[in-house]
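**Q** Give me coordinates for this.
(one chain, ligands or ions: 1)
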Amino acid sequence: MDFRTTSEQQLFKKAVREYCEKYVAPRSREIDEKEAGIPDDLIKGLADIGVFGCTVPEKYGGCALPGQEMQFANIAIHELGRAELSMSLPVYMLLTIGWGGEFIQYYATEEAKQEILPKLATGDWSWGIAVTEPGGGSDVAAVKTVATKKGNKFVLNGEKAYISQVAECQARGGGHCTLVVTDPSKGLRGGMSMLAVMPNQVNGMASTTYKDMGRMGLSTGGFTYKDTEVDAKYLLGKEGRGFYHCMEGFNVARVVVSSACLGAAEKCLEIAADYAKQRTAFNRPLSKFQGISFDLAEDYVQLDFCKLMLQKAAWMIDTYYAEPGSFTQKEINIAVAECKLVAPLLAADVAKHAIMVLGGFGYTKQSPLEMALRGVMSYVAGAEGAANIMKIIISRDVFGSEFVDKG
Ligand SMILES: Cc1cc2nc3c(=O)[nH]c(=O)nc-3n(C[C@H](O)[C@H](O)[C@H](O)COP(=O)(O)OP(=O)(O)OC[C@H]3O[C@@H](n4cnc5c(N)ncnc54)[C@H](O)[C@@H]3O)c2cc1C
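**A** Numbers count the residues shown, from 1 in each chain. The predicted structure follows:
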């Protein structure tokens, strides 16, 4: 067993860290405060060093190394999480390279891949996921948006809520992998499908945006579909298999979500440790008090455990797609749900502990810690699946289906 990253992965990490420290980190507060969206020059710069292309195959304009897509995505998003503590840019990126580059690559038709993937690799388009509806997000099987097949089109009617990148995919182009009901008589086993829906290319779509507590540079909102026609070439995977495809997509997204949270947590811990070395109380630096240093050590240990688990989960997904049959879906579900259960809560705890080390200064907007806490809370609240849902997945796939309440 070799825990080292490859020389290509190390070079990629170095390039992304250098870019992020120089250009991204200094803009974090601006992205948060001006609520101005993600600056175009940062998107271009990150695209130039291969961040948007790291999950897109070369033949579609990307720079993915086959069989290592998620490992590279993990590295990129971790670095972005460290640098952009408002969490807007890491989320923008993880959705675009996860639900975009990675998911579209495996599930879209050839025609759709040729249209969408090159635009994602250059950073021109943004991408996301539209599952949640006003009636609820945890119970994915209860999705109600209907897509009726008419000739070579699906006609959509319904509504989605709490969707990230609603404004971005209209302003920049792009869209969402959207879960719909194609056969209401069949339920989740055969009745659901996924479609790539691009608001700028279809009729009958309207959107709203919400005022969130964090990730201020990124929009969250909802869509309505009224007789919205989507060409059948945008079907993702097989008709009727949408629920299962969506669960696989969630595994991909939950890896990069966890990377963003751990990257932010790592930076918060560093900020706290640096401050503790400089700040004196009772004639000594704070770092000399075990009440401070033991807490930092405990957070470091939890982070290190979770980083290792995440590296494994990313590698498992890469191996699953590169060598069919190498892992079962259940094995991947468990490894990923463990990370998504722990990483957001841990990141919120580490950010909170860091604020405590910085004392009054930590509570001001002169320190970036409060942005990190507000940002990672989106993933504690539920984005890409709430903590209890991760526990349901783990108990179901480890102990058996007797542990699932089917209502
Ligand atoms: C900032 C943000 C961005 C988001 N972006 C997207 C997006 O891009 N696309 C998208 O589709 N969705 C998105 N979501 C929605 C997210 O996926 C949902 O919030 C999440 O799935 C939870 O759904 P809900 O909010 O409807 O809560 P509910 O499903 O109503 O759950 C509320 C609470 O009850 C708990 N709960 C529910 N069922 C059970 C159970 N069986 N046992 C124990 N506890 C349970 C949950 O854990 C949660 O704590 C986003 C959410 C946020 C906050």
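**Q** In three-state terms, how would G175 be classified?
**A** strand (DSSP: H, G, I helix; E, B strand; the rest coil).
**Q** So which bits of the stretch 201-350 of the chain are right by the ligand?
**A** With the criterion set to Cβ under 6 Å from any ligand atom, the stretch 201-350 of the chain comes near the ligand through D212, T220. From N, CA and C alone the C-beta is placed, and that goes for glycine too.
**Q** where do the helices sit along the stretch 201-350 of the chain?
**A** For the stretch 201-350 of the chain, the helices defined by DSSP state H, counting those that start in this stretch occupy 242-278, 290-322, 329-362.
**Q** what stretches of the protein score poorly on pLDDT?
**A** Within the chain, the stretches with pLDDT under 70 are 36, 407.
**Q** re earlier: pick the most buried one from the helices of the stretch 201-350 of the chain.
**A** helix 242-278 (a mean of 24; mean count of other Cβ atoms under 10 Å).
**Q** ok so, going back, identify whichever of the helices of the stretch 201-350 of the chain lies nearest to T182.
**A** Counting by Cβ to Cβ, T182 lies closest to helix 242-278 out of the helices of the stretch 201-350 of the chain; the figure is 7.3 Å.
**Q** chain center to the closest one: distance?
**A** Centroid separation for helix 242-278 versus its chain: 9 Å, with Cα atoms, centre = their mean, to the nearest Å.
**Q** Same check on stretch 193-200?
**A** The answer for stretch 193-200 is 18 Å, by Cα atoms, centre = their mean.
**Q** Now that stretch: buried residues?
**A** S193, M194, L195, A196, V197, M198, P199 (16 or more other Cβ atoms under 10 Å).
**Q** Outside of that stretch itself, list whatever touches it.
**A** For stretch 193-200, the external contacting residues (Cβ atoms under 8 Å, 6 or more residues apart in numbering) are 104, 107-108, 112, 116, 130, 147, 154, 156, 169-170, 173-182, 205, 207, 223, 225, 228, 230, 234-242, 245-246, 249.
**Q** give me that answer again for 7 Å
**A** 104, 108, 112, 116, 130, 147, 154, 169-170, 173-180, 182, 205, 207, 230, 234-237, 239-240, 242, 245-246 (Cβ atoms under 7 Å, 6 or more residues apart in numbering).
**Q** Just the CA trace of whatever helix or strand P90 lives in, in CSV.
**A** Secondary structure from DSSP states H and E places P90 in helix 88-95. Extracted in CSV, the C-alpha atoms of helix 88-95 (Å, rounded to 0.1, in the frame of the first residue of the first chain):
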residue,chain,number,x,y,z
SER,A,88,-18.5,30.6,-3.0
LEU,A,89,-15.8,29.7,-5.5
PRO,A,90,-15.1,26.2,-4.1
VAL,A,91,-18.8,25.4,-4.4
TYR,A,92,-19.0,26.9,-7.9
MET,A,93,-16.1,24.7,-8.9
LEU,A,94,-17.1,21.5,-7.2
LEU,A,95,-20.5,21.5,-8.8
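**Q** which residues touch that helix?
**A** In contact with helix 88-95 (Cβ under 7 Å, 6+ apart) are residues 24, 31, 38, 42, 51, 76-77, 80-81, 84, 126-129, 164-165, 168, 215-218, 253, 256-257, 260, 263.
**Q** hmm, it in reach of the ligand?
**A** No: residues of helix 88-95 contacting the ligand under Cβ under 6 Å from any ligand atom: none, with a closest distance of 6.7 Å.
**Q** and that helix with helix 242-278, angle?
**A** Calculated by axes from the mean of the first three to the mean of the last three Cα atoms, to 10 degrees, helix 88-95 forms an angle of 150 degrees with helix 242-278.
**Q** tell me which residues in the helix or strand following helix 88-95 are buried?
**A** Remark: after helix 88-95, the chain's next helix or strand is helix 103-107, criterion DSSP H and E. Within helix 103-107, the residues scored as buried using 16+ other Cβ under 10 Å are F103, I104, Q105, Y107.
**Q** Just the buried residues of whichever helix or strand comes after helix 103-107, please?
**A** Once helix 103-107 ends, the next helix or strand along the chain (criterion: DSSP H and E) is helix 110-121. Of the residues in helix 110-121, A112, K113, E115, I116, L117, P118, K119, L120, A121 count as buried by neighbour count, 16+ other Cβ under 10 Å.
**Q** tell me which of the residues you listed is nearest to the ligand?
**A** Nearest to the ligand among the buried residues of helix 110-121: L120, at 16.0 Å, using Cβ to the nearest ligand atom.
**Q** so that closest one touches T96, yeah?
**A** Yes: if you go by Cβ atoms under 7 Å, L120 and T96 touch, sitting 6.0 Å apart.
**Q** Need the residues touching each of these two.
**A** Common neighbours of L120 and T96 (Cβ under 7 Å, 6+ apart) are F52, W127.
**Q** circling back: a markdown table for the buried residues of helix 110-121, including distance to C339?
**A** Listed next are those as a markdown table, based on distance: Cβ to Cβ, whole Å:
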| residue | distance to C339 |
| --- | --- |
| A112 | 29 |
| K113 | 28 |
| E115 | 32 |
| I116 | 27 |
| L117 | 26 |
| P118 | 30 |
| K119 | 29 |
| L120 | 24 |
| A121 | 26 |
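**Q** tell me which parts of the stretch 1-150 of the chain are close to the ligand?
**A** Going by Cβ under 6 Å from any ligand atom, the residues of the stretch 1-150 of the chain near the ligand are G128, I129, A130, V131, T132, G136, G137, S138.
**Q** so which of these is the most crowded?
**A** Each of those was scored for neighbours by other Cβ atoms under 10 Å, and A130 scores highest at 28 neighbours.
**Q** Quick check: the gap between the residue in the chain that the ligand sits nearest to and T208.
**A** Proximity of the chain to the ligand (Cβ to the nearest ligand atom) peaks at G137, 2.4 Å away. According to Cβ to Cβ, to the nearest Å, G137 stands 16 Å off from T208.
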